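*Asks:* Below is the structure, and that's it, no one-letter string:
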């Protein structure tokens, strides 16, 4: 799944399991989404539900969940400790991967319009979707909660963005909903080697965005022990915190027997997990304390973990051009995410929760080759070509990493690091192409099996065949382009790589060539089935350019390898 949106609606029901189950069932019934969590609270009488999937799937699942909640939750009878003003109190959409914030804003407005029109529920937009500056923050919209709606609705300044501006019988039951797009929120705790909550609070106030009161010199190393500083009028002075978009407190967790710094990272792209961890570790050491580890509460986006892994690899002066799994492992160990319990990336990283292992790439080598050797038409030459290219990119990356690790070749470190990073990207793209090629073939088979009795069916089948044939041409062409990129890596490895690995650079070039030639054969065999002449002309020109560029680069690379030997 390349495009992922997360949705975290909060429902004003935390006690009735039948209601909660009905809401989550409505979400799970939608294709393209996966329910990730449902966390009910009896005292708050509120359930936080988390699901994610394609933008289209999330759009439909959010509407169905809100619709179900509006039918089963009566706000005129609802009570609870948590602030609320609607059966679906708030419904944020967060971009996770392959989706922009602007797209999530559009998504929130589309769902909001539908909720207002079809369900008759007032919808207020907030955060990045806010139509007015004064509506950006949730507490500002929710002021007075549900009980204030009879007086608020009907006033021009409180006209909702969608739905009725009146407290009618429907709104009496459903209340109002706040909807919008926001950054992914990461709940993150850092563990200290103390049970004393005030020490955790002391550090949390130093780093959180709202900061703390200024204090004078302390008789101890703890900042919080100093006297509060005041201006000439006796007003306490404030000290700004270290990080933007960071909320934090200190507390003691009896279950673990440690004090924790508890944070919400409201924009991890500005304030990262590792920056917060490193600064808290520094402040803890300054105070005679020690950070022993940390924990992520709930799910985390993959790029947040990869950023931390790369950060610590760079601090160790090691190559970041290593497999994704190794980068995740370094992040987990560096942050101590497994101190209080196992950290399973498959369960904690949102993309991994939604990822389906490709059937071919997920095989071991013997099973894959066995599958190729059977009488089934796929996987065939296109998939094997993609695998050949992936092996070439992997070998070139190996040479780069071996070179970067040599002290006597330190002057080449930056170049080899860049080559290794690019090599991992190309290798992973070619591995995906192994299954993409087989999928493209299967789509041709599916289209050929469509009914063709009526003229309408014949037209639909013809259009489907054209789409499938064009796709079956584009996929191997993309493989060929990636193999060309892998050959560039092989040349770089041959020119600057460790001389002891020159034959590996040569084999990388040979593998890239095998993948390239195999992919181009698949383009040639599929192109005649395409009817669109403009499409065929465009592909033909790209093929000619690729052949010319690849041939010259391959000859140059092999000459370099031969001379070095």
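*Replies:* Sure thing, it's come through. Since this is a predicted model, take the numbers as computed values, not measurements.
*Asks:* Going by C-alpha atoms from here, please, whenever you check contacts or count neighbours.
*Replies:* OK.
*Asks:* where exactly do the helices run in the stretch 51-200 of the chain?
*Replies:* 55-72, 101-119, 138-141, 149-152, 169-174, 197-207 (DSSP state H, counting those that start in this stretch).
*Asks:* Next, format the ones you listed as CSV and append mean neighbour count and mean pLDDT.
*Replies:* Shown next, in CSV, are the helices of the stretch 51-200 of the chain (neighbours: other CA atoms under 10 Å; pLDDT from 0 to 100):
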stretch, mean neighbour count, mean pLDDT
helix 55-72, 21, 97
helix 101-119, 19, 97
helix 138-141, 14, 92
helix 149-152, 17, 95
helix 169-174, 20, 97
helix 197-207, 23, 93
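*Asks:* Please tabulate those helices in CSV, including the columns distance to residue 509.
*Replies:* Below are those laid out as CSV (distance: least, CA to CA, whole Å):
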stretch, distance to residue 509
helix 55-72, 40
helix 101-119, 40
helix 138-141, 57
helix 149-152, 69
helix 169-174, 65
helix 197-207, 50
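*Asks:* and residue 518, which of the ones you listed is closest to it?
*Replies:* helix 55-72 (35.6 Å; CA to CA).
*Asks:* Any chance you could list what contacts the closest one?
*Replies:* The contact list for helix 55-72 (CA atoms under 8 Å, 6 or more residues apart in numbering) reads 3-7, 9, 11, 19, 22-24, 26-33, 51-52, 87-88, 107, 111, 114-115, 119, 173-174.
*Asks:* on that earlier part again, mind checking which of the helices of the stretch 51-200 of the chain is nearest residue 185?
*Replies:* Of all the helices of the stretch 51-200 of the chain, helix 101-119 comes closest under CA to CA, at 13.7 Å.
*Asks:* That closest one packs against which elements?
*Replies:* Contact here means 3 or more CA pairs under 8 Å, 6 or more residues apart in numbering; DSSP states H and E; on that basis helix 101-119 packs against helix 55-72, strand 88-97, strand 123-127, strand 177-181.
*Asks:* Residue 392 is in contact with residue 510, correct?
*Replies:* Yes - using CA atoms under 8 Å, residue 510 is in contact with residue 392, at 7.4 Å.
*Asks:* More neighbours: which of these two?
*Replies:* The neighbour count for residue 510 versus residue 392, taken as other CA atoms under 10 Å, is higher for residue 392 (33 against 21).
*Asks:* so where's the stretch 151-300 of the chain uncertain?
*Replies:* The model of the stretch 151-300 of the chain has pLDDT under 70 over residues 221, 223-224.
*Asks:* Now do the strands in it.
*Replies:* 177-181, 186-192, 212-213, 238-239, 246-253, 258-265, 291-297 (DSSP state E, counting those that start in this stretch).
*Asks:* Dump the helices and strands packed on helix 101-119 into a markdown table; add distance to residue 557 as well.
*Replies:* Shown next, in a markdown table, are these (distance: least, CA to CA, whole Å):
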| stretch | distance to residue 557 |
| --- | --- |
| helix 55-72 | 44 |
| strand 88-97 | 37 |
| strand 123-127 | 53 |
| strand 177-181 | 50 |
